[in-house]
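Engineer: Pasting the sequence and the predicted model now:
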Amino acid sequence: MSAQLSVILQNSELSQHLLSEHQTRGFVTAMAAAPHLLDPAEWLAYLWGGEETSPFTSHEALEQYANAIVELWNESRQALLSNAWHWPEACQLDDKELVTEATREFAEGVLQGWQLARDDWETLMPENSQDNALLGGVLLSVSLLYDPESAMAALSEQGAEGLAQFEEVYHAVPQMLCGLTQRAYQLAEENR
């Protein structure tokens, strides 16, 4: 994330209106993974709750924010397509809470972003297709990281070694996100 975007997100007047840094990263990652490119003008307002009026006091401040978001999108898209995407540094496992708050917020942002592109995903990867199983696996994994306590309970009910399985899910997410993005890109190109 650019230093400029970090400064904007840490601004006390804006922070109460904008998604947190890790929610923003997750949301933008979901937009970068989307099968069809979505114009940031269509989704930028979701980063401040979908309100028509942005929380920025000047057009220049809004433009700086939008440019920083597009830069993050470009970085994320390139990393996903080149199999180089990895967890942001603060998104870690945690011995006490299972995952850090940053990991939860990132997962929340991904899930929020996925909702905007849901129709594209469902059209490109229809129900009962092998591709839909890939999509479902990624969404399930991200959901588990968003709500790790429920995930651990569900894993235990299935007789799985909860913590070991949970760590596997966490470590597999980067590869899964990259693979899903690459497959969606391939399918979108074939359908042009």
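Structural biologist: Received it, and whenever you're ready, just let me know what you need. Numbers count the residues shown, from 1 in each chain.

Engineer: worst-scoring helix or strand of the protein, pLDDT-wise?
Structural biologist: In the chain, no helix or strand scores lower on mean pLDDT, DSSP states H and E than helix 148-157, which sits at a mean of 73.

Engineer: Tell me which helix or strand comes right after that helix.
Structural biologist: helix 162-190 (DSSP states H and E).

Engineer: Average pLDDT for stretch 122-137, rounded please.
Structural biologist: Mean pLDDT, stretch 122-137: 90.

Engineer: Flag every buried residue along it.
Structural biologist: The neighbour-count check on stretch 122-137 (16 or more other Cβ atoms under 10 Å) flags 124, 125, 131, 134, 135 as buried. (Each C-beta comes from the backbone N, C-alpha and C, glycine too.)

Engineer: what about it, start to end distance?
Structural biologist: Chord length of stretch 122-137, first to last residue, is 14 Å (Cα to Cα, to the nearest Å).

Engineer: I'd like to check what contacts that stretch. Which residues are they?
Structural biologist: 35, 121, 176, 179, 180, 183, 184, 187, 188, 191 (Cβ atoms under 8 Å, 6 or more residues apart in numbering).

Engineer: Any idea how far apart the tips of stretch 51-60 sit?
Structural biologist: Span of stretch 51-60 from end to end, Cα to Cα: 19 Å.

Engineer: Equivalent analysis for stretch 76-91, please.
Structural biologist: End-to-end distance for stretch 76-91, by Cα to Cα: 15 Å.

Engineer: what do you get for stretch 110-125?
Structural biologist: 18 Å.

Engineer: how about it: buried residues?
Structural biologist: 110, 111, 112, 113, 114, 116, 117, 120, 121, 124, 125.

Engineer: Let's see which of the residues you listed end up in helices.
Structural biologist: Of the positions in these, 110, 111, 112, 113, 114, 116, 120, 121, 124 sit in helices, assigned by DSSP state H.

Engineer: Great, nothing more from me.
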